[in-house]
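> Sequence first, predicted model second:
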Amino acid sequence: MHLLVVTPDFPPLGSPQAYQSVRLVKALALAGCEVTVIAGMAVGARKEFHHASETYDGLPSAVVVRRFEGSNFPSSTLGRRAYRYFMPSDPNCQYWPLRQCLRWAAATLKIDGIISVAEPLVSHLAVQKTQFPYRVPFRCFWFSDPVPMSADAMKFKWRRSRCEAICRTALQTGNYIVGVTTEIVDPIMRLDPFSSAECMVLPHVYDSDDWPRPVGCAIDSVSTDKVIRITHTGALYWKRTPFSLIEGVRLLKRERQDLPIELILLGGIADETAARLAEIQAPCPIKLGGVKSYSESKAVISDADILCVIDVDLEHNIHLPSKVADYVGARKPILYIGLPNSPVVRALEGHPVFAQAHTPAEVAAALKYLINRRRYAGVEKYEIICNKFNLKTAYGILIDKIYKNHEHHY
């Protein structure tokens, strides 16, 4: 069975979505599918990649990758902001090279199914517009990040309506709609109550090849006098800021002055957040790591004692950060800073060393709990939650649907 996976983000691009796309493709290949990936090029990549086939290290030989030209964002910050306001599909890749690559695929390949991964919606739009000379029996539209239909993400009503139109067409032309949270899928399914498309909620996953068991040092043997590294990975911007974490540590240090703590913030930081960080008097050492590669991030995560997820502070949150899956794979305590009704809290139900907090006082109490609890939870206690996020099990539902559809059609 031959599947076509369309994803703007794919290594060597180092974004979280690029690695999630790799894991999806790997799960399909391990299940016996032949996979052709149509992916964007990283900025500065060699132009001869365009329409040329290549293989990717770590993927089975049944996977072939073909590239279309990548980033379409203007170079200036002001230009990028204007572009995001006026492009209804909010793409960060070029639409017409993607269409050209899809036309090549339609004319050259005989495929049994298409999986379009959208962050942003441009790949869905391009797949919808491509005419195949034969019937493609399986079509799946995968919404990996929040669909930009909400007023929080889209300030212009006309722009939200264009995005809604793309989602509505996906319902009409796809067998399946996939989202990483119910908060993403439900609004899409409500667009067309008579659609025959079936929805699936599949989380971001981790690869056990990246996170073998056990990872690094066993957390149940950490000594009490060791410096406690509290690590957050990912961009800090807009409503995702580290100040509740810092103030929570300050409150904890007032109670436990002898407790050695170090904060590590890995990833890009918005200018206004960086300026505020420079002005405050920190209660403990803070290391700013900047943007790192995935392998470098893995090393920092492996060295951490407590992993922190700082989420966007929205009442109606639909995010499930992809780093959550890697945190689970690392088998470490997790502090979640966000509201208790978020998808992350629901996804991590059953995690053996997990605490949710929002205010600085809650952060201090959560850290005290995690510091004490971590000594009593060995790596074997993580197996149930790890199975939930492992690519071999998490994508089993989708793979089962693909094969059943294939048997029915042929």
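Cool, got the structure. Residues are numbered from 1 along each chain as shown.
> so E183 makes contact with E315?
No - the pair E183 / E315 is not scored as a contact, 11.7 Å apart, by CB atoms under 8 Å. For the C-beta atoms, the positions are set from N, CA and C on the backbone; glycine is no exception.
> Neighbour count for the two, which is higher?
Using other CB atoms under 10 Å, the more surrounded residue of E183 and E315 is E183, with 21 against 8.
> Could you pull up the residues touching the more buried one?
Contact analysis of E183 by CB atoms under 8 Å, 6 or more residues apart in numbering lists P146, H316, N317, I318, P343.
> Kindly report the same for H2.
By CB under 8 Å, 6+ apart, the neighbours of H2 are C33, E34, V35, T36, L109, K110, I111, D112, G113.
> Return the set of residues that bridge with A357.
I337 (DSSP bridges).
> So which residues of the chain form strands?
With DSSP state E, the ranges of strands along the chain come out as 2-7, 34-40, 53-54, 63-68, 113-118, 138-143, 176-179, 198-201, 228-233, 261-266, 286-290, 306-310, 334-337, 354-357.
> Would you mind putting the CA coordinates of the second one into PDB?
Below are the C-alpha coordinates for strand 34-40, written out as PDB (Å, rounded to 0.1, in the frame of the first residue of the first chain):
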ATOM      1  CA  GLU A  34       5.300   2.400   1.300                       C
ATOM      2  CA  VAL A  35       5.400   6.100   2.000                       C
ATOM      3  CA  THR A  36       6.300   9.100  -0.300                       C
ATOM      4  CA  VAL A  37       6.700  12.300   1.700                       C
ATOM      5  CA  ILE A  38       6.200  15.700   0.000                       C
ATOM      6  CA  ALA A  39       8.000  18.200   2.300                       C
ATOM      7  CA  GLY A  40       9.300  21.700   2.400                       C
END
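> Check which helices and strands that strand sits against.
Under the contact definition 3 or more CB pairs under 8 Å, 6 or more residues apart in numbering; DSSP states H and E, strand 34-40 sits against strand 2-7, helix 16-30, strand 63-68, helix 95-108.
> And the pLDDT at L30?
As predicted, L30 sits at a pLDDT of 93.
> what's around it, how many residues?
Neighbours of L30 (other CB under 10 Å): 15.
> was I right about it contacting P60?
Yes - L30 lies in contact with P60 (CB under 8 Å); the separation is 6.7 Å.
> thinking again about what came up before, can I get the strands of the chain in JSON lines with distance to A105?
Formatted as JSON lines, the strands of the chain follow (distance: least, CB to CB, whole Å):
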{"stretch": "strand 2-7", "distance to A105": "6"}
{"stretch": "strand 34-40", "distance to A105": "6"}
{"stretch": "strand 53-54", "distance to A105": "12"}
{"stretch": "strand 63-68", "distance to A105": "8"}
{"stretch": "strand 113-118", "distance to A105": "9"}
{"stretch": "strand 138-143", "distance to A105": "14"}
{"stretch": "strand 176-179", "distance to A105": "20"}
{"stretch": "strand 198-201", "distance to A105": "24"}
{"stretch": "strand 228-233", "distance to A105": "35"}
{"stretch": "strand 261-266", "distance to A105": "37"}
{"stretch": "strand 286-290", "distance to A105": "38"}
{"stretch": "strand 306-310", "distance to A105": "37"}
{"stretch": "strand 334-337", "distance to A105": "40"}
{"stretch": "strand 354-357", "distance to A105": "43"}
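> for the stretch 201-350 of the chain, which spans come out with low pLDDT?
Low-confidence segments of the stretch 201-350 of the chain, defined by pLDDT under 70: 216-225.
> which residues sit in contact with the closest residue to L307 other than its chain neighbours?
Closest residue in space to L307, ignoring its immediate chain neighbours: Y327 at 4.6 Å, by CB to CB, 6 or more residues apart in numbering. By CB under 8 Å, 6+ apart, the contact list for Y327 reads I301, L307, V309, I334.
> Now for S15, how many residues are close by?
For S15, the count of nearby residues is 17 (other CB under 10 Å).
> so what's it closest to, chain neighbours aside?
D9 (5.1 Å).
> Overlap in contacts, E183 and E315.
Joint contacts of E183 and E315 (CB under 8 Å, 6+ apart) do not exist.
> Distance-wise, check the residue nearest to L307 relative to D186.
Distance, Y327 to D186, using CB to CB, to the nearest Å: 25 Å.
> Determine which residue lies closest to the centroid of this protein.
S322 (3.2 Å; CA atoms, centre = their mean).
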